[in-house]
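Enquirer: my questions concern the predicted model and sequence given below.
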Amino acid sequence: MGTQIRNIAERMSSLSARIYNFPADSIDWNEEVEIGRDWFTAPELLSVNGTPLAAKLSEEQLKTLSFWEAVNFYSLNINGELPLVHGLTDRLFKSADPSITNYLHHFIDEENKHMQYFGRFCQKFAGKVYADKKVVFPQEEWAPGEEEFLFFAKVMVFEETADHYNILQGNDERLHPISRRINLLHHQDEARHLAFGRQMVLDLWQQHSKDWGEATLSKVRKTLTNYIESTWKEYYNPEMYKDAGLALQFGSSYDIFQSVYSDPAAMAHRKSVNKKLRSFLHKNDILQETSHDDATTNP
Amino acid sequence: MTMPQQTREFHQKLFTWLAAQNPKVNVEDLRPDTNLIKEKIISSMQVMDLILFIENLRGDEPIDPASLKPQAFESVDAICSSFLNGEGS
Ligand SMILES: [Fe+2]
Ligand SMILES: [Fe+2]
């Protein structure tokens, strides 16, 4: 690993150390939560935004959906953070560089705290966390550095996408104060994770990809492209349509998922959210502009 | 032994779904015990879609996350016995 990643790790560690706290305690959990009365997700960020379905929903229905979409958003964060903490723990003492190890301690600490407030919201107000629907088939053979690169690249995809929502919602006065606070708190930590993560991805790519043959390169790119798409599908979890009571009125929750996911408005939304991520991946030749596109395909 | 009607329907729906995901696969090539993972008919990335489809076949009933293991998706038989009321043949 180069000096750049060490510098970033050291800088992020000192920032983390400075703000060390218990974020879940800074939320007023006694605020009243009434489903259907407040926004818990910004209306423009609802999965249905701009689709024909949204036009058929009353404001109360949209607000109800905004609650279940928030539960889904917090759940998908938990479901991404669990394996992330697991993966970071596995890597804690593998780096020869103590500044990396030191930063990983902060990273793990912060992700654990995120799960506390995400989980608390879901348990307290929805009585559940939506289950993770990802199943990983074990891969027997990895090229040198492939597994490591994909681990950090996936973390980056997952965090970049979620952070877009956090940034837009962290200061949104329309949102219920608890939801606003959760988004703000999460973004404050994620900004550091992303700075570290981007450099990690870049270093690993530069270190290993030159030794990968065409077959490995194309497999890695395909895995990453697919991962971007499956990350997005989690934002359209059929269970939230069901819990918001839409399934009775508009067909099965699976049908709603399919039609919303493939709606041009939703595709355009995904494309615009991914702009920064894609330009990073393209600029560094990690994905190629031509490599078959992205979250704009149909489910 | 004849297969219950519902099992046959589940098989058919799953075969059709699997073939639609993978342009190299024809419905006729699929058997209930075809190994979907080894034959690379589905990837881990497609399993999420498959889970949503299975939940739809269950009448929008979410599946128990504890049962989400790779072996449960090894074949159409495995899928049926894991998630569709043990209706595997
Ligand atoms: Fe997080
Ligand atoms: Fe993070």
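Expert: Sure thing, it's come through. Numbering: from 1, shown residues only, chains lettered A, B, ... in the order given. Ligands and ions are numbered 1, 2, ... in the order given.
Enquirer: need the contact partners of stretch A:206-221.
Expert: With contact meaning CB atoms under 8 Å, 6 or more residues apart in numbering or on different chains, stretch A:206-221 is reached by A:143, A:144, A:145, A:146, A:148, A:149, A:150, A:286, A:287, A:288, A:291. For the C-beta atoms, the positions are set from N, CA and C on the backbone; glycine is no exception.
Enquirer: try 6 Å
Expert: Here stretch A:206-221 makes contact (CB atoms under 6 Å, 6 or more residues apart in numbering or on different chains) with A:143, A:145, A:149, A:287, A:291.
Enquirer: any chance of those residues in TSV, plus secondary structure and neighbour count?
Expert: Output for the contacts of stretch A:206-221, formatted as TSV (DSSP: H, G, I helix; E, B strand; the rest coil; neighbours: other CB atoms under 10 Å in any protein chain shown):
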residue	secondary structure	neighbour count
A:143	coil	17
A:145	coil	17
A:149	helix	25
A:287	coil	23
A:291	coil	15
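Enquirer: and the furthest pair within these?
Expert: Using CB to CB, the two most remote members of the contacts of stretch A:206-221 are A:145 and A:291, lying 19.8 Å apart.
Enquirer: show me what from the stretch 1-150 of chain A comes close to chain B.
Expert: By the rule CB under 6 Å from any CB of the partner chain, the part of the stretch 1-150 of chain A lying against chain B is A:131, A:133, A:134, A:135, A:136, A:137.
Enquirer: out of these, who's the most crowded?
Expert: Neighbour counts for those (other CB atoms under 10 Å in any protein chain shown) peak at residue A:133, which has 24 neighbours.
Enquirer: so among the contacts of stretch A:206-221, where is pLDDT lowest?
Expert: Minimum pLDDT across the contacts of stretch A:206-221 is recorded for residue A:291, with 47.
Enquirer: excluding chain neighbours, give the residue nearest to the residue of the stretch 1-150 of chain A found nearest chain B in space.
Expert: Nearest residue of the stretch 1-150 of chain A to chain B (CB to the nearest CB) works out as residue A:131 at 3.6 Å. Using CB to CB, 6 or more residues apart in numbering or on different chains and skipping the chain neighbours, the partner closest in space to residue A:131 is residue B:65 (3.6 Å).
Enquirer: gap between that neighbour and ligand 2?
Expert: 22 Å (CB to the ion, to the nearest Å).
Enquirer: next, count neighbours for that residue.
Expert: Neighbours of residue B:65 under the rule other CB under 10 Å: 13.
Enquirer: one more: the one 10 residues further on?
Expert: Residue B:75 sits with 23 neighbouring residues when counted by other CB under 10 Å.
Enquirer: and it, what does it touch?
Expert: The neighbourhood of residue B:75, defined by CB under 6 Å, 6+ apart, consists of B:33, B:34, B:35, B:36.
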